[in-house]
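Asker: sharing a model that was predicted from the sequence below.
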Amino acid sequence: MGERTYQIEHDDFLITYDPSAGTVSEMKGATVVALERKNPCYGPRKADISHASPMGTFRPNCLTIYGNHQCNLRCDYCYASDKRSMPQKDITTAAVQAAAEFVAAHCRKTGRPFVLGFHGGNEPLLSRGLVEDSIACCKTVADEHELQMLSFCTTNGVVDRATAEWAARTFHGITLSWDGSQATHDKHRRDLNNRPTFETVKRTAEVFRKMNVPQVTIRVTVTRDSVNQLCESIRYFRELGFDNVQVYPVFPNGRGGPDKEVAVDQADFVFNFLKARTWARGRNMKLLFSGTRWDDYHDRFCMLNQDNLTITPDGFITACFLATHNYEEENDRYMYGRYDESSNELCIDWEKLRRLSESVHRTNPQCDNCYNQFHCAKNCPSICPLSELELESEFDCTIFKWIGLANIIEATGHVVDINTREECMDYFKSVRITSVPKNNGNERISHNN
């Protein structure tokens, strides 16, 4: 579609949003807010994947390692399939080195730091030796290319104190999965023996805070039974000294996902998120919903959108964070390369990568002309662009659209002040939105909200 501007009208304001210029204008007060963008291009980056050379325009600056499938929790909302049935296989140092060489070459060419992450359907800190070896390997590669290396880890926090202290000394940033108060957290996040984990996670968090990890993000999974406690959870984290929290409603139907009974009502989530964010802002606390990020042009969570090369324990290169292995080719449609032991090289299927990239950037018909399409995850991972049937599916995008709309409104200084779920629904439904193509001012499209 061509470039458009969006007129957003309410009894209290008349706003024009211009995505290509990165501006929001309050027409009544003639206030123009120029938005700072991490990526100043118009719309999601359209990857032009070259299959002629590994040094084409696919330029990952981040290597994410899925080390194995070991996990000490049995969260009842986990999107991953049962990891106990998977082969107990660790990624090899040779595969890590080959992937690191590939990423480092692109980092050097583009002048960016080498970013290293540990994640992927497991608990990385259970395999401290494997993580240490991988970090050492990547640090050697980064040094050879004269690159700064920044390492990150996602953890469930259910580790002993010594491991928590080691992690605090090791990583530039840590994301800690923690759902809030004891009752809220322990309802879903229990260990393999069905024991609660809250106290251990709290102890780990205290270690991270006291040892001044440069960047700690608390990651909260919101369910139907916890959504109304979201403000309480944010206050609790603030009391403990944490000011960077990311929340996301539980994936209702991700591959291997949980019972839909835990899925969050869309309006409930928007109301409680905005109420919690208003409270957090008044205390210099950052509360983020990654499905709609106002400070960045972004699309789905596909690794190809993030300049991220992700390698699985069995040595495959995956385009999806849910596809953590390919032992029996069950996730083959997401894989575009693998480590080849015979040649000791990372082999990329450039033609498949090109096809994947084209598929990733296909737009669901209901996203056409939407004011939030440049900041929206488009119901990923529940709706996947790598499946024709799924891409044509209708989905409820209330959360994405309403939070995106609140971002636009609040960018001009207006406060979205709502006190109940019903007020929330009435407020956003009363906002009138019209889009106008820049090259044809006569074609106006009204949007239902």
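Answerer: Everything's here; your move. Numbering: from 1, shown residues only.
Asker: need phi/psi at residue 293.
Answerer: The phi and psi values for residue 293, taken as degrees, to the nearest 10, are phi -110, psi 110.
Asker: burial count for residue 439?
Answerer: Neighbours of residue 439 under the rule other Cβ atoms under 10 Å: 9. Just so you know, the C-beta spots here come from the backbone N, C-alpha and C atoms, and that holds for glycine as well.
Asker: confirm it sits in a helix?
Answerer: No - using DSSP: H, G, I helix; E, B strand; the rest coil, the secondary structure at residue 439 is coil, not a helix.
Asker: and the helices in the stretch 201-350 of the chain?
Answerer: 230-239, 266-281, 350-360 (DSSP state H, counting those that start in this stretch).
Asker: for the shortest one, which residues meet the burial criterion?
Answerer: Using 16 or more other Cβ atoms under 10 Å as the burial criterion, the residues of helix 230-239 that qualify are 230, 231, 233, 234, 235, 236, 237, 238.
Asker: run through the residues that contact the fourth one.
Answerer: For residue 234, the contact set (Cβ atoms under 8 Å, 6 or more residues apart in numbering) comprises 245, 276, 279, 280, 285, 287.
Asker: test my guess that the fourth one contacts residue 245.
Answerer: Yes - taking Cβ atoms under 8 Å as the contact criterion, residue 280 and residue 245 are neighbours in contact, 7.4 Å apart.
Asker: quick check: neighbours shared by these two?
Answerer: 234, 286, 287.
Asker: and those, which is closest to residue 109?
Answerer: Nearest to residue 109 among the shared contacts of residue 280 and residue 245, counting by Cβ to Cβ, is residue 286 at 32.2 Å.
Asker: does residue 69 touch residue 314 like I think?
Answerer: No - using Cβ under 8 Å as the test, residue 69 is too far from residue 314 to be in contact (9.9 Å).
Asker: which one of these two has more residues nearby?
Answerer: Using other Cβ under 10 Å, the more surrounded residue of residue 69 and residue 314 is residue 69, with 25 against 21.
Asker: give me the three-state assignment for the more buried one.
Answerer: With three-state DSSP as the basis, residue 69 sits in coil.
Asker: what about the strands in the stretch 1-150 of the chain?
Answerer: Using DSSP state E, counting those that start in this stretch, the strands of the stretch 1-150 of the chain run over 4-10, 13-18, 23-26, 31-34, 62-65, 114-118, 149-155.
Asker: need the pLDDT of residue 262.
Answerer: We have a pLDDT of 86 for residue 262.
Asker: and what of residue 89?
Answerer: What the model reports for residue 89 is a pLDDT of 88.
Asker: next: residue 401.
Answerer: pLDDT recorded at residue 401 is 94.
Asker: which residues touch the closest residue to it other than its chain neighbours?
Answerer: Residue nearest to residue 401 in three dimensions, not counting chain neighbours: residue 372, with 5.3 Å by Cβ to Cβ, 6 or more residues apart in numbering. Applying Cβ under 8 Å, 6+ apart, we find residue 372 in contact with 292, 400, 401, 404, 405.
Asker: residues shared between the contacts of residue 69 and residue 314?
Answerer: 87, 89, 325.
Asker: are any of these buried, and which?
Answerer: Counted by 16+ other Cβ under 10 Å, the shared contacts of residue 69 and residue 314 give residue 325 as buried.
Asker: need the shared contacts of residue 69 and residue 314 in JSON lines (columns: distance to residue 59).
Answerer: As requested, the shared contacts of residue 69 and residue 314 are arranged in JSON lines below (distance: Cβ to Cβ, whole Å):
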{"residue": "87", "distance to residue 59": "32"}
{"residue": "89", "distance to residue 59": "29"}
{"residue": "325", "distance to residue 59": "26"}
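Asker: inside helices: which ones of the contacts of residue 372?
Answerer: 400, 401, 404, 405 (DSSP state H).
Asker: nearest to residue 21 among the residues you listed?
Answerer: Nearest member of those to residue 21, counting by Cβ to Cβ, is residue 404, at 17.4 Å.
Asker: can you tell me how far that closest one sits from residue 352?
Answerer: Applying Cβ to Cβ, to the nearest Å, the value for residue 404 to residue 352 is 32 Å.
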